[in-house]
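Peer 1: Could you look at this predicted model? Sequence included:
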Amino acid sequence: MIDKEKEKKRLRRERMKKGIYILPNLFTTASLFCGFYAIIASMRGDFGQAAVSILFSWILDGLDGRIARMTNTTSKFGSEYDSLVDLVAFGVAPAILAYTWTLSPYGRYGWMAAFLFVTCGALRLARFNIQIGIVESTVFNGLPIPAAAIVVATSVLFHGYISGIGTLNTTFFIPVMIVLSLLMVSSIKYYSFKDLNVLSRKPFMTLVGIILVFTVIVLEPRITLFALAVSYSVSGPGWFAFRCFRKLMKKKEVSKVEPSGIL
């Protein structure tokens, strides 16, 4: 037993001596930079720049994992580093953006809503790390923290588009932050899109649909991205409610069927 422990320690030391993979971790670091810049921009009152920085961080976060898998450079270090970066870029950055943009006038209610967002985001990431290989890869258990951050970022962009005013003076966003926080730590399932293989053959209309979505995003990016972010965040509860309704209807149908009598 002691020899096995020594062998494990020796293998760990050898892996550490080999160093880390540069390319995927550079993308992860770029994601961290965008998240950090979003915090700085929020403190300066440049809410639009902060929101766009979070969007760029989200794009880079999606690229680092794909690049690591394509180049066969996945590692435990990269996974842990990515989680830490996600907490900053999609937990702390959107919480500070929301607080400086709309929550600060409401005192402790405002900053506690922002703190709840960060805390639930951290819990969401920790749970995700220990559930790898347990929960099927086609779904997420709870709202992913990047998706919650994108809801906050696109809300800022959408409000700026329709009103032209920098800040939002309403208490409406406090319950929004609370709902997003609770969705992150919930057990509601969200589609992960991980089973989509863009390299395989698809129906012709799939390409047409992608082109149409891309065209709409280019024409009205702030409206389209906000609509997509909100739609995805409510898709989990909507699908959960639909499944509950379908089960209820099946139970009613079964209860209506009377057992046949014995002649």
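Peer 2: Noted; the coordinates are in hand.

Peer 1: tell me which element residue 39 falls in.
Peer 2: In this assignment (DSSP states H and E), residue 39 forms part of helix 22-44.

Peer 1: err, residue 193, not the other one
Peer 2: Going by DSSP H and E, residue 193 is not part of any helix or strand.

Peer 1: phi, psi of it?
Peer 2: Dihedral pair for residue 193: phi 60, psi 10, per degrees, to the nearest 10.

Peer 1: Please apply the same query to residue 189.
Peer 2: phi -90, psi 140.

Peer 1: Give the bridge partners for it, please.
Peer 2: residue 141 (DSSP bridges).

Peer 1: and it, what is it in contact with?
Peer 2: Residue 189 is in contact with 139, 140, 141, 236, 239, 240, counting by CB atoms under 8 Å, 6 or more residues apart in numbering. C-beta: built from backbone N, CA, C; applies to glycine.

Peer 1: Dump those to CSV, plus neighbour count.
Peer 2: Formatted as CSV, the contacts of residue 189 follow (neighbours: other CB atoms under 10 Å):
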residue, neighbour count
139, 16
140, 22
141, 20
236, 22
239, 15
240, 15
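
Peer 1: what about the strands in this protein?
Peer 2: Secondary structure of the chain (DSSP state E): strands located at 139-141, 189-191.

Peer 1: what about the first one, distance to the chain center?
Peer 2: The chain centroid and the centroid of strand 139-141 are separated by 11 Å, computed with CA atoms, centre = their mean, to the nearest Å.

Peer 1: Show me what that strand is packed up against.
Peer 2: Here strand 139-141 touches helix 107-130, strand 189-191, going by 3 or more CB pairs under 8 Å, 6 or more residues apart in numbering; DSSP states H and E.

Peer 1: mind redoing it with 6 Å?
Peer 2: Counting contacts by 3 or more CB pairs under 6 Å, 6 or more residues apart in numbering; DSSP states H and E, strand 139-141 packs against no other helix or strand.

Peer 1: rewinding a little: closest to residue 47 out of the strands of the chain?
Peer 2: strand 189-191 (26.9 Å; CB to CB).

Peer 1: dump the residue contacts of the closest residue to residue 181 other than its chain neighbours.
Peer 2: With CB to CB, 6 or more residues apart in numbering as the criterion, residue 181 has its nearest non-adjacent residue at 3.9 Å, and that residue is residue 120. Shown in contact with residue 120 (CB atoms under 6 Å, 6 or more residues apart in numbering): 181, 184, 185.

Peer 1: Repeat the analysis, applying 8 Å as the threshold.
Peer 2: 181, 182, 184, 185.

Peer 1: Of the residues you listed, which belong to helices?
Peer 2: Mapping the contacts of residue 120 onto helices (DSSP state H) picks out 181, 182, 184, 185.

Peer 1: surely the first one meets residue 117?
Peer 2: Yes: when contacts are counted by CB atoms under 8 Å, residue 181 is listed as touching residue 117 (5.0 Å).

Peer 1: how much space between residue 159 and residue 109?
Peer 2: To residue 109, residue 159 is 20 Å away according to CB to CB, to the nearest Å.

Peer 1: who has more neighbours, those two?
Peer 2: residue 159 (23 against 11; other CB atoms under 10 Å).

Peer 1: before we move on, the earlier item: output the strands of the chain in JSON lines; the columns should cover mean pLDDT.
Peer 2: JSON lines is the format used below for those (pLDDT from 0 to 100):
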{"stretch": "strand 139-141", "mean pLDDT": "88"}
{"stretch": "strand 189-191", "mean pLDDT": "91"}
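
Peer 1: Pipe these into JSON lines and attach distance to residue 58 per row.
Peer 2: Formatted as JSON lines, the strands of the chain follow (distance: least, CB to CB, whole Å):
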{"stretch": "strand 139-141", "distance to residue 58": "15"}
{"stretch": "strand 189-191", "distance to residue 58": "15"}
